[in-house]
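Undergrad: My questions concern the predicted model and sequence given below.
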Amino acid sequence: MPTLFTKIIDGELPAEFVWKDDGCVAFLSIQPLSPGHTLVVPRVEIDEWIDCPGELRDELMRVAQQVGRAIKTAFDPARVGLIIAGFEVPHLHLHVFGVDGLGDFDFRQARSATNEELGAAGARIRAVLGT
């Protein structure tokens, strides 16, 4: 059975994409920790990051780094955080988001974003990425 993320990747569910290539996609979290919180997701379904082939792992990190730089430019946080949690959806994904302190890594602070907020944040990131 396809994961929620596979349905998003296949266009069956909507998402605010900021990146697409042959190996992965990046789209905004609907429960962001900060504006521009992006999920970098491989197209292939892999449950745990420890099972990710090295070449794909490197691709995910390269894209996460580019997206992180775009978040830094677009939103000017003190730092850009990266988390691989793996509990929300059984499909490997990297959380990339702006942080101003360690407390910003607390998923209990996530809130639902409106479509307008997601669209505006996505536009800012895409403008920096040129996508």
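TA: Right, received. Where do you want to start? Predicted model only: the values in this text are computed from it and were never measured.
Undergrad: Got phi/psi on residue 57?
TA: Backbone torsions of residue 57, given as degrees, to the nearest 10, read phi -60, psi -50.
Undergrad: neighbours of it, just the number please.
TA: 17 (other CB atoms under 10 Å). Where you see a C-beta, it was placed from the backbone N, CA and C, and this is true even at glycine.
Undergrad: State the pLDDT value of it.
TA: Per-residue confidence (pLDDT) for residue 57: 97.
Undergrad: Tell me how far it lies from residue 87.
TA: Computed as CB to CB, to the nearest Å, the residue 57 to residue 87 distance reads 19 Å.
Undergrad: Residue 64 too?
TA: Shown here: residue 64 relative to residue 87, a distance of 18 Å by CB to CB.
Undergrad: Residue 69 now?
TA: Distance from residue 69 to residue 87, by CB to CB: 27 Å.
Undergrad: Could you tell me the end-to-end distance of stretch 14-29?
TA: End-to-end distance of stretch 14-29 (CA to CA, to the nearest Å): 11 Å.
Undergrad: can you pull out the strands in this structure?
TA: 17-20, 24-28, 38-42, 79-83, 94-99 (DSSP state E).
Undergrad: just to revisit the earlier point, between residue 64 and residue 87, tell me which one has more neighbours.
TA: With neighbours defined as other CB under 10 Å, residue 64 and residue 87 compare such that residue 64 has more, 23 against 6.
Undergrad: Please name the residues that touch residue 63.
TA: Each residue near residue 63 by CB atoms under 8 Å, 6 or more residues apart in numbering is listed here: 19, 21, 24, 26, 40.
Undergrad: Next, format these as TSV and append pLDDT, neighbour count and distance to residue 83.
TA: Putting the contacts of residue 63 into TSV (pLDDT from 0 to 100; neighbours: other CB atoms under 10 Å; distance: CB to CB, whole Å) gives the following:
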residue	pLDDT	neighbour count	distance to residue 83
19	98	20	18
21	96	12	22
24	97	23	16
26	98	28	14
40	98	27	11
